[in-house]
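A.B. asks: need a 3D model of the following:
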Amino acid sequence: MPSVVRSRSGRAFFLLLSILLIFALSACMPRKSKTIVDRVYELDPYGRLYINPRLQINPPRSVAVLPFRSRVGAGRVEGSESLFMSFQGKGKASPSLVAHQMRLAFFGQIAQLPFELIHPSRVDEILKANGLRSWESVKALSPHQLGKLLHVDAVIFGEVTNFDYIYAILYTQVAAGLRVEMISTRTGETLWRFNDTRRNHTVRIALDPLSLAVGLFQAGFSLRSINLTRAMDEISREAVATLPAPLKQSCPP
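C.D. replies: This next block holds a predicted model:
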């Protein structure tokens, strides 16, 4: 019996040591997208990430986050926009509302990295002063033209690919999808591309009328505007987390 106990404790110690070793090694590894566990939890196997080696070797110093656009179509997303606006006590949702909110959320996350960033309001002023008032007109310019116009080394285009909610009695889901692309204004190359969706689930179990009432309230409460905003922040944080640090800032060998 004592040998069995020692064997189990030895396995537990080995498992703990392995976990600590993995964390120690991963501290100096490039940032990556969501893990398999994340995707199983979110019930979302989709996700695309591209990183150009030049982004680590010769990263841009100055970056401009250009206006985002929403690619989501009619249907439930319109309900999401209306729900979002109603919780904020505002009027009818505009087509660019979600795109603008996502852009600000993304800017707030990437502002923590060592890039020289132009505030989105200043970017918009420069674009409008040059007659560029739509996403399509900005996209039509070459990267070199955008770099000369904004005086930056790289620009970031963004699109909202998903903004949705599901309400099914005791189950709710809030989803926010984002596709962003960093392009060098010096070479025209794509330096980084991220395309993924963040899904937050809320599940309640009711065993009696009281727990059913509480579960219904909690499920509905999960659709507050703060949770819709949080989903934007989370997908933006996940996107920025995949940006690798420059080689000169990486961990020593």
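A.B. asks: does residue 189 touch residue 183 like I think?
C.D. replies: Yes - look at residue 189 against residue 183 with Cβ atoms under 8 Å: they come within range, at 7.1 Å. C-beta: built from backbone N, CA, C; applies to glycine.
A.B. asks: got any ranges where this protein has weak pLDDT?
C.D. replies: 1-47, 73-95, 165-172, 201-208, 211-227, 246-253 (pLDDT under 70).
A.B. asks: do you have the strands of it handy? List them.
C.D. replies: Counting by DSSP state E, the chain has strands at residues 48-51, 62-65, 69-70, 116-118, 154-168, 171-184, 190-203.
A.B. asks: now the ones you listed in CSV, with mean neighbour count and distance to residue 109?
C.D. replies: Shown next, in CSV, are the strands of the chain (neighbours: other Cβ atoms under 10 Å; distance: least, Cβ to Cβ, whole Å):
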stretch, mean neighbour count, distance to residue 109
strand 48-51, 14, 16
strand 62-65, 22, 10
strand 69-70, 20, 19
strand 116-118, 17, 11
strand 154-168, 20, 12
strand 171-184, 22, 11
strand 190-203, 20, 12
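A.B. asks: looking at these, which is closest to residue 130?
C.D. replies: Minimum separation from residue 130 across the strands of the chain (Cβ to Cβ) falls at strand 62-65, 13.3 Å.
A.B. asks: any chance you could list what contacts the closest one?
C.D. replies: Contacts to strand 62-65, defined as Cβ atoms under 8 Å, 6 or more residues apart in numbering, come from residues 103, 106-107, 110, 115-118, 120, 123, 146, 150-156, 158, 182.
A.B. asks: how about 10 Å then?
C.D. replies: 103-104, 106-107, 110-111, 113, 115-120, 122-123, 126-127, 146-147, 149-158, 180, 182, 185, 191 (Cβ atoms under 10 Å, 6 or more residues apart in numbering).
A.B. asks: can you show me the CA trace of that strand as PDB?
C.D. replies: Taking C-alpha atoms only, strand 62-65 is exported to PDB below (Å, rounded to 0.1, in the frame of the first residue of the first chain):
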ATOM      1  CA  SER A  62       4.900  53.900 -36.900                       C
ATOM      2  CA  VAL A  63       1.400  52.400 -37.600                       C
ATOM      3  CA  ALA A  64      -2.000  53.800 -38.400                       C
ATOM      4  CA  VAL A  65      -5.200  51.900 -37.700                       C
END
